[in-house]
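**Student:** Got a predicted model here, sequence first, then my questions.
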Amino acid sequence: MLDISYLYEDNAMDVNYEYYKVFYYVGKYQNITKAAQALGSSQPNVTRVLKLLESALGCKLLLRSNKGISLTEKGELLYERVSAAFFQIQAAEDELNCGGKLVEGTIILGTTETALHLILFEKLKEFKRDNPKVRFKIYNYSTKDAVSELMRGAIDMSIVTSPFHVGRHIRSEKLLEFRDVLICGNAYLDLTRRKRHLTELAGYPWVCLGKNTVTYDMTSDFFLKNGVVLKPDIEVATSDLMVPMIQNNLGIGYVPEQLAQQELDAGSVHLVPAYEEMEARAVCVLYDAKRGQGRCEKTFLEFLLSFSAK
């Protein structure tokens, strides 16, 4: 167990920089027990250090309640600065230790099913070919959950599909534009013969992603904008289920065109011409600017952005 008892000597008037390390982990997890585990210390030691830091700075940094702890306004301000400094130091150490060696480390990614199929599978294969020592932990989320996990510091970056809403510290870079198209299976070939309004199509069975997803909200808003209420017959949990459902004539629905391209080429699904079209969307990489990136994360981010530039 890491001994941090030296941090709380009564005669220490200046703020010991190790206080900030303890505060960083508490701010990151917003949980003293998890912070103590990350530091290899004990909960009482961490609590004492936090009290000393608050005393040294002359302000309240944490709010404690039955629900746990949260940062005060001044605590948020301090965490923003401390976390940025922490990651810069960590990045410098990585670069000094690696020298000219291959980049190595672990990147924790949160991604959506759509982003995974549209871009991430291909880009991971390319990146791993040149950076074999980089490891990935990949978690499949909805866009909302991927953004939330990034903002609370549980993952290093998110690769998600728009639209989304993020905090002021989260940076977004567009990697790929795509458009959702309306498709049907062979049982609905009549729908492909002429262009129709969405109001004409509303009575057909619809397949879409489930409620509480950004795609569902976007589709519902699109319907309402055109005077129709979305009433799906089938809701699926992930986007990779959309095309098989439609291919098997269980309904019609909007899917990213690239995800249906193979089936469109094979003639097992078909484009349904409609007067109303959805706006273009994007796959974006999101990262927390206040945390900075280590050499490993920075290399992967630069790789993704170089692909975007092309």
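**Tutor:** Alright, I've got the coordinates.
**Student:** and Arg64, what element?
**Tutor:** Element membership for Arg64 (DSSP states H and E) is strand 62-65.
**Student:** Which other helices and strands does that strand contact?
**Tutor:** Contacts defined by 3 or more CB pairs under 8 Å, 6 or more residues apart in numbering; DSSP states H and E place strand 62-65 against strand 68-71. Glycine gets a C-beta too; all of them are placed from N, C-alpha and C.
**Student:** The strand it packs on pairs with which strands, and in what direction?
**Tutor:** Sheet pairing for strand 68-71, assigned by DSSP bridges, gives strand 62-65 (antiparallel).
**Student:** buried stuff in the partner strand?
**Tutor:** Leu62 (16 or more other CB atoms under 10 Å).
**Student:** Quick one: residues in contact with that strand.
**Tutor:** The set of residues external to strand 62-65 that reach it, using CB atoms under 8 Å, 6 or more residues apart in numbering, is Val26, Leu50, Glu54, Ile69, Ser70, Leu71, Thr72, Gly75.
**Student:** at 10 Å what do you get?
**Tutor:** 23, 26-27, 30, 32, 47, 50-51, 53-54, 69-72, 74-75 (CB atoms under 10 Å, 6 or more residues apart in numbering).
**Student:** thinking again about what came up before, ok now the strand holding Arg64, how far from the chain's centre?
**Tutor:** 27 Å (CA atoms, centre = their mean, to the nearest Å).
**Student:** if you average pLDDT over that strand, what comes out?
**Tutor:** Summarised as a single mean, pLDDT over strand 62-65 is 85.
**Student:** In stretch 32-49, which of the residues would be classed as buried?
**Tutor:** So, applying 16+ other CB under 10 Å, buried residues of stretch 32-49: Ile32, Ala35, Ala36, Ala38, Leu39, Ser41, Ser42, Asn45, Val46, Thr47, Arg48, Val49.
**Student:** Mind picking the lowest-pLDDT entry from those residues?
**Tutor:** Ala38 (84).
**Student:** Next one: that one from Leu109, what distance?
**Tutor:** 20 Å (CB to CB, to the nearest Å).
**Student:** Equivalent analysis for Arg281, please.
**Tutor:** 20 Å.
**Student:** okay, these two: which has more neighbours?
**Tutor:** More crowded of Arg281 and Leu109, by other CB atoms under 10 Å: Leu109, with 24 against 20.
**Student:** pretty sure that one is in a strand, no?
**Tutor:** Yes. Judged by DSSP: H, G, I helix; E, B strand; the rest coil, Leu109 forms part of a strand.
**Student:** In three-state terms, label the closest residue to it other than its chain neighbours for me.
**Tutor:** The shortest distance from Leu109 to any non-neighbouring residue, by CB to CB, 6 or more residues apart in numbering, is to Ile138 (4.8 Å). Following three-state DSSP, the label given to Ile138 is strand.
**Student:** Cool, thanks, talk later.
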